[in-house]
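[1] Using only what follows, build the 3D model:
(chains A and B, ligands or ions: 2)
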Number of protein chains: 2
Amino acid sequence: EASAKVIDGKSVAKQIREEMAIEISRMKESIGIVPGLAVILVGDRKDSATYVRNKKKACESVGIKSYEVHLAEDCSEQEVLKHISEFNGDPSVNGILVQLPLPSHMNEQNVLNAVCIEKDVDGFNPLNIGLLAMRDREPLFVPCTPKGCIELLHRYGVAIKGKKAVVIGRSNIVGMPAALLLQREDATVSIVHSRTKNPEEITREADIIISAVGKPDMVRGSWIKPGSVVIDVGINPVEDATSPRGYRLVGDVCYEEASKIASAITPVPGGVGPMTIAMLLSNTLTAAKRANNFK
Amino acid sequence: EASAKVIDGKSVAKQIREEMAIEISRMKESIGIVPGLAVILVGDRKDSATYVRNKKKACESVGIKSYEVHLAEDCSEQEVLKHISEFNGDPSVNGILVQLPLPSHMNEQNVLNAVCIEKDVDGFNPLNIGLLAMRDREPLFVPCTPKGCIELLHRYGVAIKGKKAVVIGRSNIVGMPAALLLQREDATVSIVHSRTKNPEEITREADIIISAVGKPDMVRGSWIKPGSVVIDVGINPVEDATSPRGYRLVGDVCYEEASKIASAITPVPGGVGPMTIAMLLSNTLTAAKRANNFK
Ligand SMILES: NC(=O)C1=CN([C@@H]2O[C@H](COP(=O)(O)OP(=O)(O)OC[C@H]3O[C@@H](n4cnc5c(N)ncnc54)[C@H](OP(=O)(O)O)[C@@H]3O)[C@@H](O)[C@H]2O)C=CC1
Ligand SMILES: NC(=O)C1=CN([C@@H]2O[C@H](COP(=O)(O)OP(=O)(O)OC[C@H]3O[C@@H](n4cnc5c(N)ncnc54)[C@H](OP(=O)(O)O)[C@@H]3O)[C@@H](O)[C@H]2O)C=CC1
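    Ligands and ions are numbered 1, 2, ... in the order given. This is a model prediction of the structure:
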């Protein structure tokens, strides 16, 4: 008797990729250029390698050319900076990603700061975040995961203006920019974090909830106002003996309870996750259009 | 029967200036250098001239050397940029202010962007705002008015961590950075603006209220939770036939009502206003210490 509409991120992401593929062939036909995304991977972490492979596959699926540099775990920071500098100067590369985490002997901030802001398609550059926070200013890129959350609201026709929104979590990559985006769309935003005294009470007032915490099933049915819209960013492994891998992935929100109370909710997996990578492709296309003055 | 403690910004600002004067003479004695603040004024607006004069006087009162350039209303943007560039390169100048508004033939953003971030003591540079928004990053300067609000809370021993705070207004120079600052100190922050549906209800939940709207007496007694702390940034002229100038200044908060319900409140004038200029001096001293590696 779950009554909430399921916000199907997987299918929206697919639709967005199809729209992008059309745009990219139009670009190729009219100016002979396709967008390019460069990924720099350092070391041999399996999860990082998987992420990079998925990004490459997603690029190919829409016609973005991908470039990869794979460096050894013990290479120098200088070496990484050299590759960034080359990509910065290469007009066929429109976006540059450095897969995190970097080996501990490197200074992550140094490395990330070396990516020129016009190619920083993750949108994590502090200047970009400042532009996102300011009225009458425009960021060059909106960070991918929060952009994906808002895009889901838009595509499902959820009104934001004048609504009460609660963002749970305030990380630089999800919670904080999500709150700034909701505010740009004229929601009244409250931000809940680990020091908040009564998160349940505050969350229960929201018309829109975005949760990005990393705690399985933290947000219970009792936290949710009937009819509210729930975007669950959390991706959390929990033990599950019945699964072949021994675990399964759940969100921050107790889906079983929430789906009986909310009017719409994203599942985990298949909600925000697929949107993040679609938004990365979208930011890369934006960068390519801007660099080539293509409308 | 007003019960609220009056948060006396005028006397706190005086105390801060005294503390700064001591720091600045220590600096002068030990390294032979005093901080310098340059102000660029374009045109003949009376109010702007008054602000500039007040800033110069405040500088002198603590031992900061002030530099002024006064340009004609019809001078070119190029001319303004030339002076900014000179001040950028002048080691005796640690802070640069361009008095706003500029004449309409100039591009304000262009001009402000020309001030190097190390001397942008207003703290309005988007990169600086991004650093303020991000966890684990530090802005070079905290914008003066919101910094003054938080300083008042600190000096009056108001706990911020874990408290519910409501900021009314979200301008780039007051509301938005005030919300970011409260969040940095671990308050749970909600931001109310002109599109908020039920500002009264939301505000009534706050332990700490900062109002920066510009509407006389908008925040009534009924908006305030008993015992909360109210920081009123608004400076609004209202007609007053009994005053020699024909008007007097009031805040956004109806003081008469609020002072019976809040536990502490800033008056207008004499609350946040004097703090803004004290924080400008404080940012200039910070810049000078940083530039000269003086602790
Ligand atoms: N779908 C996707 O594509 C993506 C999913 N994720 C997932 O989203 C989740 C969050 O990721 P990320 O933002 O990077 O995580 P971080 O660990 O960086 O941030 C977690 C935030 O949650 C807050 N928090 C922690 N405990 C509580 C609590 N009990 N109540 C309220 N708030 C709390 C923290 O507060 P404080 O600031 O006070 O410490 C912090 O702000 C993770 O599950 C991650 O896997 C992340 C990125 C992309
Ligand atoms: N003490 C001092 O040193 C200083 C005092 N001030 C004073 O502070 C006040 C605000 O200044 P400033 O921030 O520059 O002003 P702005 O006009 O730039 O911003 C006003 C903010 O108030 C919001 N607002 C407008 N109407 C309402 C309403 N009915 N309910 C809720 N919010 C509303 C606006 O919302 P929206 O974004 O939706 O339009 C906007 O965010 C002024 O009185 C100013 O004189 C300012 C600077 C320094």
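
[2] C-alpha from now on. contacts and neighbour counts both.
    Will do.

[3] if I've got this straight, residue A:146 is in a strand?
    No. Counting by DSSP: H, G, I helix; E, B strand; the rest coil, residue A:146 is not part of a strand but helix.

[4] tally of neighbours for it?
    Residue A:146: 27 surrounding residues under other C-alpha atoms under 10 Å in any protein chain shown.

[5] Setting the sequence-adjacent residues aside, check what's closest to it.
    Using C-alpha to C-alpha, 6 or more residues apart in numbering or on different chains and skipping the chain neighbours, the partner closest in space to residue A:146 is residue A:178 (4.8 Å).

[6] likewise residue A:9?
    residue A:271 (4.1 Å).

[7] Spit out the contact partners of the one you found.
    Residues near residue A:271 by C-alpha atoms under 8 Å, 6 or more residues apart in numbering or on different chains: A:7, A:8, A:9, A:10, A:231, A:232, A:233.

[8] just checking, the fifth one touches residue A:211?
    Yes. With contact defined as C-alpha atoms under 8 Å, residue A:231 reaches residue A:211; the gap is 6.4 Å.

[9] which residue does chain A bring closest to ligand 2?
    residue A:186 (7.2 Å; C-alpha to the nearest ligand atom).

[10] Can you list the neighbours in contact with the helix or strand residue A:59 falls within?
    Using DSSP states H and E, residue A:59 maps to helix A:46-62. Contacts made with helix A:46-62 from outside it, assessed by C-alpha under 8 Å, 6+ apart, are listed as A:17-18, A:20-21, A:24, A:37, A:39, A:41, A:65-66, A:99-100, A:277-278, A:281.

[11] chain center to that helix: distance?
    Chain-centre distance of helix A:46-62: 15 Å, with C-alpha atoms, centre = their mean, to the nearest Å.

[12] Same check on stretch A:178-194?
    With C-alpha atoms, centre = their mean, you get 16 Å for stretch A:178-194.

[13] For that stretch, give the mean pLDDT please.
    For stretch A:178-194, mean pLDDT rounds to 98.

[14] what does stretch A:157-175 give?
    The pLDDT scores in stretch A:157-175 average 98.

[15] Please give the centre-to-centre distance between that stretch and its chain.
    14 Å.

[16] likewise stretch A:257-267?
    Centre-to-centre, stretch A:257-267 and its host chain are 21 Å apart (C-alpha atoms, centre = their mean).

[17] for that stretch, how far is the first residue from the last?
    12 Å (C-alpha to C-alpha, to the nearest Å).

[18] Contacts (any at all) between ligand 1 and it?
    No. On the criterion C-alpha under 6 Å from any ligand atom, stretch A:257-267 is out of touch with ligand 1, staying 10.5 Å away.

[19] ok, residue A:255 to ligand 1 distance?
    Between residue A:255 and ligand 1 the distance is 15 Å, computed by C-alpha to the nearest ligand atom, to the nearest Å.

[20] looking at this, residue A:191 is in a strand?
    Yes. The assignment for residue A:191 (three-state DSSP) places it in a strand.
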